[in-house]
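Novice: I would like to see how this sequence folds:
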Amino acid sequence: MKLSELAARTGARVEGSSLDIDIEGAAGLDEARPGQVTFLANPRYTPRLKTTQASAIFLGESVDLGRDDIVGLRAKDAYLAYTRALRLFHPEPTVAPGIHPSAVIDPSARVAENVFVGACSVVGAGTEIRARVQIYPNVTIYDSVTIGKDSVVHSGAVIRERSQIGERVVIHNNVVVGCDGFGYAKDEQQHWLKIPQTGRVVIEDDVEIGAGTTIDRASVGESRIGRGAKIDNLVQIGHSCTVGEDTLLCAQVGLAGSSHIGDRVVLAGQAGVAGHLTIGDDAVLTAKSATSHDVPPGKVISGIPAFNNKDWLRSTAAFRRLGEMQRTLRELQRRLLKLEGAVLKGGGGSLSRTEDPL
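Specialist: Below you'll find the model as predicted:
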């Protein structure tokens, strides 16, 4: 691909006149070779500009390249431009339509003609599989499921009854969508009585769900994942939860039942949200944080229990100095006792509350 075409398709501007360079791929600063494009987004990696062998590099508008043998591609967001380049050089793989002879499809299921269904997959009664869907081997789809156009379901995934999957959804290996919510009531003998889980899960368009994630269906109503949400591996989403549009749930996040997560929220790795809480739009819970209260829109919180991130940073800084602070307090106590002893020996009585012994 010519450099001029790459720039046009990634929203970048070529610095200089070297528009006819052929670019054959994209790689990181250390891995890139001649004929490849790389990027610099984090200032800490600036020294590596001196050693990279790439032929071109995506840079911010104000970054000094400092070399004449590499072509600069100026972009408002160098990482975004590089991501677009990677997508150009590594398009999503496609598979030829067809249904493997070992796949089991209920006669009442409606499957579009240009769908791929892999070996040993099962499609239940009343299910609808729309155009260009790819279902890889060993997928189990229960009854009355809908899967929208261009979605991909990878091996080992299970989509339970009544679930509704939108268009261009990617479901990775061993995901379970629509399993029973965790709901029980105690009977008169103090035994747990299972609450029927009669609801469903709705996954809107352009969602990606990482491997091993589980999304429980509601006891009544629905659990819903909003358009464009991205869910990492090993995330647990409880029954009756809602996750807003373009929200990120990183690895091992846990949402208790009836949690309501707003749009563009980021829950970092192992963050936890207690049940029946609301996390406002654009809020952030940093890694390993847990909240037992609602979080206002735009708030960044940390810790267990989580509170304002800036206060948490100050608290953790103070925590690291507790040993030093303890030594200081003991020294002050020793000096105070020494001063009190000196006053008593002089017959002046004890120090008053208003006197400063130091």
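Novice: Mind pulling the model confidence for residue 241?
Specialist: Here the pLDDT value assigned to residue 241 is 97.
Novice: Relative to residue 115, how far out is it?
Specialist: Residue 241 sits 30 Å away from residue 115, going by C-beta to C-beta, to the nearest Å. C-beta here means a position set from N, CA and C on the backbone, and glycine is covered the same way.
Novice: ok, those two, which is more surrounded?
Specialist: Under the criterion of other C-beta atoms under 10 Å, the comparison of residue 241 against residue 115 puts residue 241 first, with 25 against 20.
Novice: Please report how far that one lies from residue 306.
Specialist: Distance from residue 241 to residue 306, by C-beta to C-beta: 18 Å.
Novice: do the same with residue 207
Specialist: On the measure of C-beta to C-beta, residue 207 and residue 306 end up 26 Å apart.
Novice: what's the answer for residue 85, then?
Specialist: 37 Å.
Novice: and if you look at residue 192?
Specialist: Relative to residue 306, residue 192 is positioned 30 Å away (C-beta to C-beta).
Novice: Give me the more crowded residue out of those two.
Specialist: Neighbours were counted for residue 192 and for residue 306 using other C-beta under 10 Å; residue 306 has more, 23 against 10.
Novice: so the more buried one sits right up against residue 285, yeah?
Specialist: Yes - taking C-beta atoms under 8 Å as the definition, residue 306 is a contact partner of residue 285 at 6.1 Å.
Novice: Need the overlap of contacts for these two.
Specialist: Overlap of the contact sets of residue 306 and residue 285 (by C-beta atoms under 8 Å, 6 or more residues apart in numbering) consists of 291, 295.
Novice: Could you measure from residue 60 over to residue 281?
Specialist: 28 Å.
Novice: Now residue 212: phi and psi?
Specialist: Per-residue torsions, residue 212: phi 80, psi 0 (degrees, to the nearest 10).
Novice: Please, which helix or strand holds residue 201?
Specialist: Residue 201 belongs to strand 200-203 when elements are defined using DSSP states H and E.
Novice: Residue 338 too?
Specialist: Take DSSP H and E as the rule and residue 338 turns out to sit in helix 322-345.
Novice: what about the helices in the stretch 101-250 of the chain?
Specialist: Applying DSSP state H, counting those that start in this stretch to the stretch 101-250 of the chain gives no helices.
Novice: what's the burial count for residue 338?
Specialist: Neighbours around residue 338, by other C-beta under 10 Å: 11.
Novice: How about residue 55?
Specialist: Using other C-beta under 10 Å: residue 55 sits among 21 other residues.
Novice: again, but for residue 283
Specialist: Close neighbours of residue 283, defined as other C-beta under 10 Å, add up to 24.
Novice: Tell me how far it lies from residue 95.
Specialist: From residue 283 over to residue 95 (counting by C-beta to C-beta), the distance is 39 Å.
Novice: again, but for residue 196
Specialist: The value you get for residue 196 to residue 95, if C-beta to C-beta is used, is 38 Å.
Novice: again, but for residue 33
Specialist: Using C-beta to C-beta, residue 33 is found at 31 Å from residue 95.
Novice: do residue 18 as well
Specialist: 39 Å.
Novice: which of the two has more neighbours?
Specialist: The neighbour comparison of residue 18 against residue 95 (other C-beta under 10 Å) goes to residue 18, with 14 against 11.
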